[in-house]
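>>> sharing a sequence plus its predicted fold:
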Amino acid sequence: MSSQKKILVIGSNGQIGTVLTKKLGQKFGFENVIGSDLRIPDIPTKFIFEECSVLNKEKLEEIINRYNISDVYLLAAYLSAKGEKNIDKAWDLNMNGLLHILNFAKEKKIQKIFWPSSIAVFGPSTPKNDVPQYTITEPTTIYGVSKLAGESLCNYYHNKFGVDVRSIRYPGIIGWESMPGGGTTDYAVDIFHEALKHQEYTCFLSRDRTLPMMYMDDAIQATIGIMGAQFDKIKIRTSYNLSSCHFSPNDLAEEIKKHIPSFKIKYKVDERDALAQGWPSSINDRHARNDWGWEPNFNLSQIVSDIILNLRNRYNK
Ligand code: SER
């Protein structure tokens with residue numbers, strides 16, 4: 001195998017995949033980045049694209065062999081809200097997709113895996129604030145259940161077979177370049193588009209539902225950061241807590257009003273609020289900071305300024 005890293009991003013068309021493949025291409029060369037997804041991208045990509053489901057083990061293996069893939073970023077997943085409506089499919093995709101990739105690493109077909117877990121591994125019995133790395137994890141969504149089982153599977157494959165799998169528990173991720181789908185924290189992206197287009201947004205979470213959140217740039221930096229860290233710096237092989245900021249829909253709306261004074265938020269709470277109710281408000285991530293040097297760059301006001309600036313440019317074009 002050549003020493004040049006060859007990267008496969010599974011779920012390259014999703015909210016995080018769209019931005020991650022671009023950043024990886026800029027860093028390692030677009031000729032070394034292969035994206036795969038069930039959905040073909042609307043516009044041509046600079047990276048190589050392969051249409052494939054993570055459940056199609058044979059095709060995945062063929063892609064891995066053909067491109068000599070060394071690193072896999074496995075982002076394809078059913079998120080919390082969509083998962084509740086498709087329990088069997090969510091379990092199948094979230095667990096068997098991971099198992100396929102872990103087995104490729106066990107068989108030495110690939111060298112390194114990134115697989116994200118989520119704040120959804122926590123539940124109502126977890127402390128609400130400053131949640132430590134090691135705490136009660138009793139999730140109430142199939143998404144959270146599959147992520148918690150996935151964390152154990154990663155740890156097991158690492159301990160038993162030496163698989164180099166690295167993971168972080170993503171909070172709600174927001175950005176301007178791509179749209180989320182099927183999550184409970186999606187409101188925090190939708191709100192910007194509605195604020196700019198209609199100066200009004202109807203929120204499906206309740207006013208004071210504070211959740212741990214993160215700007216896309218920080219999430220990408222963490223993802224590439226943990227994959228670039230030395231092997232022995234990664235001491236946790238389940239998944240690292242990761243934190244940047246936390247806010248409620250009301251906090252976000254107040255910040256948006258500083259840029260769009262006529263903006264109004266209304267509330268029409270749906271079942272997603274009950275999912276979020278079980279999640280923590282804030283997370284303690286000292287292990288990620290100490291072990292591999294994680295540090296976020298964006299607070300709420302910086303996130304809001306940056307998103308509005310970029311979306312205004314896009315809408316004015
Ligand atoms: N953003 C995810 C969701 O809302 C949580 O990790 O499902």
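Everything's here; your move.
>>> residues of this protein that sit close to the ligand?
Leu79, Ser80, Ser118, Ile119, Ala120, Tyr143, Tyr170, Gly172, Gly183, Thr184, Thr185 (CB under 6 Å from any ligand atom). Heads up, the C-betas are built off the backbone N, CA and C, glycines and all.
>>> where do the helices of this protein begin and end?
Along the chain, the segments classed as helices by DSSP state H run 15-28, 57-67, 80-85, 87-91, 97-106, 142-161, 187-198, 216-228, 249-257, 271-277, 286-292, 300-316.
>>> returning to what we had before: export the residues of the chain next to the ligand to TSV and append columns for pLDDT and neighbour count.
As requested, the residues of the chain next to the ligand are exported to TSV (pLDDT from 0 to 100; neighbours: other CB atoms under 10 Å):
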residue	pLDDT	neighbour count
Leu79	96	22
Ser80	96	28
Ser118	98	29
Ile119	98	29
Ala120	98	30
Tyr143	98	28
Tyr170	98	22
Gly172	98	23
Gly183	96	24
Thr184	97	30
Thr185	97	28
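>>> got TSV for those residues, with distance to Asp130 too?
What follows is those, written out as TSV (distance: CB to CB, whole Å):
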residue	distance to Asp130
Leu79	25
Ser80	22
Ser118	18
Ile119	13
Ala120	18
Tyr143	23
Tyr170	18
Gly172	17
Gly183	23
Thr184	21
Thr185	19
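>>> now, among those, which is nearest to Gln15?
Closest approach between the residues of the chain next to the ligand and Gln15, by CB to CB: Gly183, at 8.1 Å.
>>> over to that closest one: give its phi and psi.
phi -110, psi 170 (degrees, to the nearest 10).
>>> so who does it touch?
Taking CB atoms under 8 Å, 6 or more residues apart in numbering as the contact definition, Gly183 lies against Leu79, Ser80, Ala81, Lys82, Gly172.
>>> mind checking how far the spatially most central residue of the chain is from Ala81?
Nearest residue to the geometric centre of the chain (CA atoms, centre = their mean): Tyr170, 5.2 Å. According to CB to CB, to the nearest Å, Tyr170 stands 15 Å off from Ala81.
>>> the nearest residue to Gln221 once chain neighbours are set aside and Phe231: what is the separation?
Using CB to CB, 6 or more residues apart in numbering and skipping the chain neighbours, the partner closest in space to Gln221 is Asn297 (7.2 Å). According to CB to CB, Asn297 and Phe231 sit 26 Å apart.
>>> how near is the nearest residue to Tyr170 once chain neighbours are set aside to Asn250?
Leaving aside its chain neighbours, Tyr170 sits nearest to Pro116 (5.0 Å; criterion: CB to CB, 6+ apart). Computed as CB to CB, the Pro116 to Asn250 distance reads 28 Å.
>>> which of these two has more residues huddled nearby?
Each of Pro116 and Asn250 has its neighbours counted (other CB atoms under 10 Å); Pro116 has more, 23 against 17.
>>> these two touch, right, that one and Pro171?
No: using CB atoms under 8 Å, Pro116 makes no contact with Pro171, being 10.7 Å away.
>>> which other residues reach stretch 85-98?
10, 54-55, 74, 76-78, 82-83, 115, 142-143, 145-147, 149-150, 153-154.
>>> what remains of those if I keep only buried residues?
Buried members of these, counted by 16 or more other CB atoms under 10 Å: 10, 54, 74, 76-78, 82-83, 115, 142-143, 145-147, 149-150, 153-154.
>>> ok so, going back, ok, the residue nearest to Gln221 - contacts?
Tyr215, Asp217, Asp218, Gln221 are the contacts of Asn297 under CB under 8 Å, 6+ apart.
>>> which residue packs closest to the third one, ignoring adjacent ones?
Setting aside the residues directly before and after it, Asp218 is nearest to Pro296 in space (CB to CB, 6+ apart), at 4.5 Å.
>>> same check, this time on the first one
In space, Tyr215 comes closest to Phe298 once its chain neighbours are excluded; the distance is 3.9 Å by CB to CB, 6+ apart.
>>> and if you look at Ser53?
Leu38 (5.4 Å).
>>> contact partners for the one you found?
If you count contacts by CB under 8 Å, 6+ apart, Leu38 has them with Asn13, Glu51, Cys52, Ser53, Ala76.
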